[in-house]
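Asks: Any chance you could fold what I've pasted below:
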Amino acid sequence: MSEKPKCKKSQVSQSIIRYVQESKEAKKTRMDMNEANFNCYHLKQDYSHKLEGQSKEFLPKQATAVEQITEFLQQGLVDHGKWFSIEAESGVTYSPEEEMNMITPSDMEKLLGRHLKKNKFENYVADALKMAFLGSLMIMKSGGITKSVVTGVSVVPSDDEDDESEPVPELTRKDYWQLDLDLVRQEDFFPDPSGSNLYEVERIEIDKFKLIELAEARPDIYNLANVKMIGAGQEEDQRSKKSSETGQDVTISGYRNKVTIYEAWGTFLGPNGEVLYKNHHAACSQEGIEIIAPRKNPNWHGESPYTVGTVIRVPKSVWHKALMDAPTKLNTAMNELFNLMFDSGMMSVHGIKQYRPDWLDDPSQVANGIAAGDSLGVNSMCPPGSKVMERVDTGGMTQEGLSLFNLTSGEFNESALTNSLRLGGQSERAVKATEIVASNQAINSVMTGMIKLIEEDCIAPHLKKNWYTIAQNMNDMGSEELKALLGPRKAAVIAKMSRAEIFAQTAVGMKFNVFGLSTTVNKINDFRKLTALLQTISGSELLAAEFRKKYSFSKFLGELVKSLDINTDKIKADQQEIAQGEAERQAQLQAQSQQGQGKGQGEKDLQSQIPQDNGGPETGLDVDRSSLLQGMTNPGGN
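Replies: You can find the predicted model right below:
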């Protein structure tokens, strides 16, 4: 990379600082709402207006709703077998010879799935969804990291014959590259608020010694002299906000000497709006000291490493809505109502009392309150029949207050796309099963739109960017891992390919599909249809007979089991059970055959007892043999 004039480098740092200020102003209101959402999620609320002794209880309605919706979506996305696929967009098929000399979509699925598993993608997706529900955006970052892997262990004895200590095993290590996924806080992300994607900036807090290690390891990227000039500094408000988001307390970490840097991707403009660099990457400290000089985007896919998704979109907006914006406010209102009712209940038990201290024999008896069952001694000044203590409070819990609480609870459920039953509770009133089903179906229909938005606009682009990162760095992966995943022959083929060849072969013409959650919802709908059909045909013998003529009950049962997402391997009959069933069937057929033969022999015996002549001159009878046979076999008949 050619050296750029120093003035332009300083202009880039100034450009980054201006970007941060512009984006920070545009997201201020959104960040305030995020802070309220995270506080509610961690059961925190401002009770400074409360008097001493008043209740400060917190209802975990919002936190429970977040967990319930997150688990539903997360399990559907990545927990049910195969949940994503990679296929050629043109639908081209390859011969076996061609497949052995190239990286096929099936190979890509295995490699990508392996790297996702290393990053604990299930937990990663769950955390991303929670960030979207509470902070409007899920900001996912694709990168790479070099990890040291143990490849062998050897025991080397000491050369000193007098050394009686046990030999220490030595570990043989080798550095391998692997995919590294991270989630970015909304507070640390500064996108272009105009929506034109001019820039994306991330605020990063890092220990200074780690930054120096990075600069020493990559002098071609970092300016080591400038890195050492950076002074320690963290934004105090961000320390408290980060602690609030994670549910932890603010710690004193000044001894760690942490620094704040801004990493920027995109187009950098000068003070007059002129373009300095287009599609470049740079970084500076919060004071404007340049750490990474502007360089061409190092990602071969030509984009930033960030994939930004949301659950509830706002047209033409960069910062969209969070699902928990309204539920947080309603949860806060419910807390106030609940505490008022709680205090009313406590008041109805204890009440407010007044007493005459001059009538008490020992006034110190009531200095610390009066416990249940206490007796108060009175002196001679107390008139006979008078009360030394009596309750003076009026009022208590009202039906209007309870009705208002129930109304607020219903509004919360609607805004959080849930209901009491889905949250694990019981309904406040008697409801029919059809009402419950209709309510759940209405909620699921709304979530279906969210599902497609998450799968197509968030997870699928993120997987594609992850693969681009893997393809660019595949030569740095461990050869043993490639052999284990793809086999020795395919691993040897890949080892002969250059980075550019791998990227060119797999980055163009491939389609990434995410269908785990859609499949789950479709299976639920299929099960309802199949059970409805089963109920219909089982109610009529005629329909059942017609169904058997055209369709297979065995295949129908298979589809029913499949719609429940049951692992058929666990319930499939083994060879012994199949042989036993076949033997039982043959025995049943043989018994039926023997029974039929016995019935035929009985009829022959009856026929042998019937006179064989048709009535001769001696008897003068004309015997109807069939009628006689029928009468003998059916004595009770007429």
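
Asks: Could you give the secondary structure assignment for residue 284?
Replies: Three-state assignment for residue 284 (DSSP: H, G, I helix; E, B strand; the rest coil): strand.

Asks: and the residue nearest to it when sequence neighbours are not counted, how far is that from residue 223?
Replies: The shortest distance from residue 284 to any residue other than its chain neighbours is 4.1 Å, reached at residue 13 (C-beta to C-beta, 6 or more residues apart in numbering). The way it works is simple: take the backbone N, C-alpha and C, and place the C-beta from them, glycine included. Applying C-beta to C-beta, to the nearest Å, the value for residue 13 to residue 223 is 11 Å.

Asks: shared neighbours, those two?
Replies: Here residue 13 and residue 223 have residue 290 as joint contacts, going by C-beta atoms under 8 Å, 6 or more residues apart in numbering.

Asks: Give me the pLDDT for residue 486.
Replies: For residue 486, the pLDDT comes out at 89.

Asks: So for residue 13 and residue 223, which residue has more residues nearby?
Replies: For residue 13 and residue 223, the more surrounded residue by other C-beta atoms under 10 Å is residue 13, and the numbers stand at 24 against 18.

Asks: how about the strands in this structure?
Replies: Defined through DSSP state E, the strands belonging to the chain, from first to last, are 84-88, 138-155, 169-183, 189-191, 199-207, 258-269, 275-285, 290-296, 306-309, 353-355, 389-391, 510-514.

Asks: how about those strands, which one is nearest residue 26?
Replies: strand 189-191 (8.9 Å; C-beta to C-beta).

Asks: on that earlier part again, residue 327: which of the strands of the chain is closest?
Replies: Nearest to residue 327 among these is strand 138-155; the distance by C-beta to C-beta comes to 18.1 Å.

Asks: Describe which strands that closest one pairs with in its sheet and in which direction.
Replies: As defined by DSSP bridges, the strand partners of strand 138-155 come to strand 169-183 (antiparallel), strand 306-309 (antiparallel).

Asks: So this protein: which segments form each domain?
Replies: With automatic domain parsing serving as the domain definition, the record reports that the chain contains domains spanning 6-154+170-324+445-507, 516-571, 575-611+621-633.

Asks: Do me a favour and get the end-to-end distance for the second one?
Replies: According to C-alpha to C-alpha, to the nearest Å, domain 516-571 extends 23 Å from its N-terminal end residue to its C-terminal end residue.

Asks: when you give positions from now on, start the count at 52
Replies: In the new count, where the first residue is 52, that last one comes out as domain 567-622.

Asks: rewinding a little: confidence-wise, which of the strands paired with strand 189-206 is weakest overall?
Replies: Note on those: lowest mean pLDDT is at strand 220-234, with a mean of 87.

Asks: show me what contacts the residue nearest to residue 335?
Replies: Here residue 64 is in contact with 333, 335, 339-341 (C-beta under 8 Å, 6+ apart).

Asks: Most neighbours out of those, which is it?
Replies: residue 335 (28 neighbours).

Asks: What does the pLDDT read for that one?
Replies: Note on residue 335: pLDDT of 94.

Asks: From residue 341, how far out is it?
Replies: Separation of residue 335 from residue 341 (C-beta to C-beta): 5 Å.

Asks: Can you pull the residues that touch both of those two?
Replies: Contact criterion C-beta under 8 Å, 6+ apart; residues bridging residue 335 and residue 341 by contacting each: 63-64.

Asks: do you know how far residue 239 is from residue 331?
Replies: Using C-beta to C-beta, one gets 21 Å for the distance from residue 239 to residue 331.

Asks: List the buried residues for stretch 287-303?
Replies: Taking 16 or more other C-beta atoms under 10 Å as the neighbour-count basis, stretch 287-303 is seen to contain the buried residues 292-293, 295-296.

Asks: Of those, just say which sits nearest to residue 450.
Replies: For residue 450, the closest of the buried residues of stretch 287-303 turns out to be residue 295, at 37.9 Å, with distances computed as C-beta to C-beta.

Asks: just checking, the closest one touches residue 92?
Replies: No - with contact defined as C-beta atoms under 8 Å, residue 295 and residue 92 do not form a contacting pair (9.8 Å).

Asks: What's the separation between the most centrally placed residue in the chain and residue 502?
Replies: Residue closest to the average C-alpha location in the chain (C-alpha atoms, centre = their mean): residue 125, at 2.3 Å. Residue 125 sits at a distance of 12 Å from residue 502 (criterion: C-beta to C-beta).

Asks: Low-confidence regions, the stretch 302-451 of the chain specifically.
Replies: In the predicted model of the stretch 302-451 of the chain, residues 304-305, 445-447 satisfy pLDDT under 70.

Asks: which residues in it form helices?
Replies: Defined through DSSP state H, counting those that start in this stretch, the helices belonging to the stretch 302-451 of the chain, from first to last, are 376-401, 450-466.

Asks: Need these in TSV (columns: distance to residue 324 and mean neighbour count).
Replies: Compiled in TSV, these are given as follows (distance: least, C-beta to C-beta, whole Å; neighbours: other C-beta atoms under 10 Å):
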stretch	distance to residue 324	mean neighbour count
helix 376-401	35	17
helix 450-466	43	15
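
Asks: Out of the ones you listed, flag the one nearest residue 101.
Replies: In terms of C-beta to C-beta, the element of the helices of the stretch 302-451 of the chain nearest to residue 101 is helix 376-401, at 8.0 Å.

Asks: Check which helices and strands that closest one sits against.
Replies: Contacting helix 376-401 under the criterion 3 or more C-beta pairs under 8 Å, 6 or more residues apart in numbering; DSSP states H and E are the following elements: helix 79-92, helix 112-129, helix 450-466.

Asks: Buried ones in the longest one, by neighbour count?
Replies: Buried positions in helix 112-129, judged by neighbour count with 16+ other C-beta under 10 Å: 112-121, 123-129.

Asks: Tell me how confident the model is about it, as a mean pLDDT.
Replies: For helix 112-129, mean pLDDT rounds to 83.

Asks: angle of that helix against helix 376-401?
Replies: Computed with axes from the mean of the first three to the mean of the last three C-alpha atoms, to 10 degrees, the direction of helix 112-129 lies at 140 degrees from that of helix 376-401.

Asks: For helix 112-129, name the packing helices and strands.
Replies: helix 79-92, helix 172-186, helix 376-401, helix 450-466, helix 484-505, helix 567-589.

Asks: hey, least reliable of these by pLDDT?
Replies: For the helices and strands packed on helix 112-129, the bottom mean pLDDT is recorded on helix 484-505, which sits at a mean of 61.

Asks: Quick one: the buried residues of stretch 287-303 as a markdown table, columns for pLDDT too.
Replies: Converted to a markdown table, the buried residues of stretch 287-303 look like this (pLDDT from 0 to 100):
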| residue | pLDDT |
| --- | --- |
| 292 | 84 |
| 293 | 85 |
| 295 | 82 |
| 296 | 85 |
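
Asks: Among the residues you listed, which one sits closest to residue 312?
Replies: The shortest approach to residue 312 among the buried residues of stretch 287-303 belongs to residue 293, at 16.0 Å (C-beta to C-beta).
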